[in-house]
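Visitor: coords please:
(one chain, ligands or ions: 1)
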Amino acid sequence: MAQSQQSFHLHTLGCPKNQVDSDKIAGTLIDDGLIPTHDPSAADLVVVNTCAFIEEAREESINTILALERERSPGARIVVTGCMAERYGSELADALPEVDQVAGFGVPVHFRTKPDGLSATAETQAPQFDLLNLRRPASDLPWAYVKIAEGCDRACGFCAIPSFRGPQKSREVESILGEIEQLGVREVVLVAQDLASYGSDLGRRGAIVSLVQAAQERVDRVRLLYLYPSDLSDELIEAILVSEVPYFDLSLQHVARGHLRRMRRWGHGEKFLERIKRIRELCPDAAFRSNFIVGYPGETEDDQAELLTWLQEAQLDWCGFFTYSREEGTYASNLDDQVPTELMRERHAELTELQDVITATRRDGMVGKTIEVLVDRQGIGRSHREAPEIDGVVHVPSTLKPGEIYDVVVTRSEGPDIEAVQVETQ
Ligand code: SF4
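Guide: Prediction:
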């Protein structure tokens, strides 16, 4: 009797880098003959790609595993992979005996029960493949993330990523360009833990510039996320400005000089402002995003006041604020002067309130302007100012075709989003 085709359901948590890993796991499972399904209760294999970034993300990952475990059909396998599997592999396997396999980075996801009966308990295994360079399915959206490196060589005080993702490992240019061509999209969003230092582990410091240029020859838009400020060279600024996407996602984390040193990071607010000002002189339309950590140990009222003043002056388009999470094994977890949770929350609210007004004002300033949008799906587009899934969107007429690029005029703004109509052609 012919057997029906087996299916898998893949649930992804966390950041864009995890999304890329999921695409590659999906590509491998499809190559193995499985078909994807959105319905976890109909799948023969349920895969949860977890995030271990901070406590909140870990809780969400565990809750998702437990919910999907209850939802799966009898006899279906459940496999946990991603950052939590890598960082807490054996603890997870012990704590969740109902999980069939805990697969850290580079460990193949088994879709069948192993013949030796190991599936009765969660299996752990040594890495066997290079997730970074695996094939992935073509995107069904007009944009896609492309991961160009894994790991990080820095030692920021709050960050556990280097301890479980390891040192930076850049992909070869040909592999990245091959993936970009195969995705068949109009916009690629390049991601890595420390994007601007792409290639330094291969002895090619500054290689990000030629990579961006080569990528630009293959797609309409190349967007870069997570730029460590010290590596934002003039050459890189130039490469970004000649692209169709003058968008600068600067990973700043704070602006007070002494506090940044406590974070074991480079730079200070004045230097960052100089860079932003210089870019705006070269390209007044450039858009800026940054992330900041609130309540890192030792943060004072003066540090907070300095950040508020800086934000007012910098007028960034978008900002993300994250309360500090005390991560096991990091430099900061042993520091004195941990900031009380309530105070962290107050500071977070103060920063968010200020930035929401700045963002909304900048969006108001767009009204009446003509912008070029890529339509992601019916009624939703993005100009160079909006990174997918992170920033606001441009609401466009539903008659505009997904995957196409149009000139539109902004008619209205509401918070982070704007509305636009198509430019009349003569
Ligand atoms: S650069 Fe980013 S990934 Fe690397 S240690 Fe710092 S915060 Fe972590």
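Visitor: Assign a three-state SS to the closest residue to residue 366 other than its chain neighbours, would you?
Guide: In space, and not counting its chain neighbours, residue 366 is closest to residue 410: 4.6 Å by CB to CB, 6 or more residues apart in numbering. Any C-beta I mention is one placed from the backbone N, CA and C, and that applies to glycine too. Recorded secondary structure, residue 410: strand (DSSP: H, G, I helix; E, B strand; the rest coil).
Visitor: Identify the residues contacting the residue in the stretch 251-400 of the chain that the ligand sits nearest to.
Guide: Proximity of the stretch 251-400 of the chain to the ligand (CB to the nearest ligand atom) peaks at residue 251, 6.4 Å away. Residue 251 makes contact with 226, 227, 228, 229, 290, 291, according to CB atoms under 8 Å, 6 or more residues apart in numbering.
Visitor: Check residue 237 too.
Guide: 278, 279, 282.
Visitor: Please, which helix or strand holds the closest residue to the last one other than its chain neighbours?
Guide: Sequence neighbours aside, residue 241 is the residue nearest to residue 282 in space, at 5.9 Å (criterion: CB to CB, 6+ apart). When secondary structure is defined using DSSP states H and E, the element that contains residue 241 is helix 234-242.
Visitor: So for that helix, what gets flagged as buried?
Guide: Within helix 234-242, the residues that qualify as buried are 236, 237, 239, 240, counting by 16 or more other CB atoms under 10 Å.
Visitor: Make sure I have this right: the residue of the stretch 251-400 of the chain closest to the ligand is in a strand.
Guide: Yes: looking at residue 251 with three-state DSSP, it is inside a strand.
Visitor: distance of it from residue 162?
Guide: Residue 251 sits 14 Å away from residue 162 when distances are taken as CB to CB, to the nearest Å.
Visitor: Ok, residue 387 next?
Guide: Using CB to CB, residue 387 is found at 24 Å from residue 162.
Visitor: Where does the prediction get shaky in the stretch 201-350 of the chain?
Guide: Low-confidence segments of the stretch 201-350 of the chain, defined by pLDDT under 70, are absent.
Visitor: what's near enough to touch the residue in it that the ligand sits nearest to?
Guide: Nearest residue of the stretch 201-350 of the chain to the ligand (CB to the nearest ligand atom) works out as residue 228 at 5.6 Å. By CB under 8 Å, 6+ apart, the contact list for residue 228 reads 154, 194, 195, 196, 197, 251, 266.
Visitor: Over to residue 246?
Guide: The contact partners of residue 246, taken as CB under 8 Å, 6+ apart, are 240, 279, 283, 285, 286, 287, 384.
Visitor: What subset of those residues is buried?
Guide: Burial by neighbour count, 16+ other CB under 10 Å: within these this picks out 240, 279, 286, 287, 384.
Visitor: Which two of the residues you listed have the greatest separation?
Guide: Of all pairs drawn from those, the greatest distance, 13.2 Å, lies between 279 and 384 (CB to CB).
Visitor: and the stretch 201-350 of the chain, which of its residues are near the ligand?
Guide: Contacts of the stretch 201-350 of the chain with the ligand, taken as CB under 6 Å from any ligand atom, map to residue 228.
Visitor: Okay, helices next: where are they in the stretch 201-350 of the chain?
Guide: Applying DSSP state H, counting those that start in this stretch to the stretch 201-350 of the chain gives helices spanning 207-216, 234-242, 257-262, 269-282, 301-314, 341-364.
Visitor: Can you point out the buried residues in the first one?
Guide: Along helix 207-216, the positions that meet the burial threshold by neighbour count (16+ other CB under 10 Å) are 207, 208, 209, 211, 212, 215, 216.
Visitor: residues contacting the fifth one?
Guide: Residues near residue 212 by CB under 8 Å, 6+ apart: 190, 222, 224, 236, 239, 240, 243.
Visitor: want to throw the helices of the stretch 201-350 of the chain into CSV with distance to residue 50?
Guide: As requested, those are arranged in CSV below (distance: least, CB to CB, whole Å):
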stretch, distance to residue 50
helix 207-216, 29
helix 234-242, 32
helix 257-262, 30
helix 269-282, 33
helix 301-314, 31
helix 341-364, 24
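Visitor: Need the winner for burial among these.
Guide: Among these, helix 207-216 has the highest mean neighbour count (mean count of other CB atoms under 10 Å), at a mean of 20.
Visitor: Report the contact partners of residue 190.
Guide: Contacts for residue 190 were tallied using CB under 8 Å, 6+ apart; they are 145, 146, 148, 211, 212, 215, 222, 223, 224, 225.
Visitor: Same check on residue 363?
Guide: Taking CB under 8 Å, 6+ apart, one finds 392, 413, 414, 415, 416, 417, 418 in contact with residue 363.
Visitor: Can you flag the buried ones in those residues?
Guide: Using 16+ other CB under 10 Å as the threshold, 392, 413, 416, 417, 418 are the buried ones among the contacts of residue 363.
Visitor: got the residues you listed as TSV, with secondary structure columns?
Guide: Formatted as TSV, the buried ones among the contacts of residue 363 follow (three-state DSSP):
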residue	secondary structure
392	coil
413	strand
416	coil
417	strand
418	strand
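Visitor: want to throw those residues into JSON lines with pLDDT and distance to residue 366?
Guide: Output for the buried ones among the contacts of residue 363, formatted as JSON lines (pLDDT from 0 to 100; distance: CB to CB, whole Å):
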{"residue": "392", "pLDDT": "97", "distance to residue 366": "10"}
{"residue": "413", "pLDDT": "97", "distance to residue 366": "6"}
{"residue": "416", "pLDDT": "96", "distance to residue 366": "11"}
{"residue": "417", "pLDDT": "97", "distance to residue 366": "11"}
{"residue": "418", "pLDDT": "98", "distance to residue 366": "6"}
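Visitor: which one of the residues you listed is nearest residue 328?
Guide: Among the buried ones among the contacts of residue 363, and counting by CB to CB, the member closest to residue 328 is residue 416, at 34.4 Å.
Visitor: what sits against residue 322?
Guide: Neighbour list for residue 322: 54, 291, 292, 293, 294 [criterion: CB under 8 Å, 6+ apart].
Visitor: Mind picking the two most distant members of the residues you listed?
Guide: Across these, the longest distance by CB to CB is 14.3 Å; it joins 54 and 292.
Visitor: Would you mind telling me which of those two has the busier surroundings?
Guide: Taking other CB atoms under 10 Å, residue 54 and residue 292 do not tie; residue 292 has more neighbours (20 against 17).
Visitor: neighbours around the closest residue to the more buried one other than its chain neighbours, how many?
Guide: Ranked by CB to CB, 6+ apart and with sequence neighbours excluded, the top spatial neighbour of residue 292 is residue 321, at 5.3 Å. Using other CB under 10 Å, residue 321 has 19 neighbouring residues.
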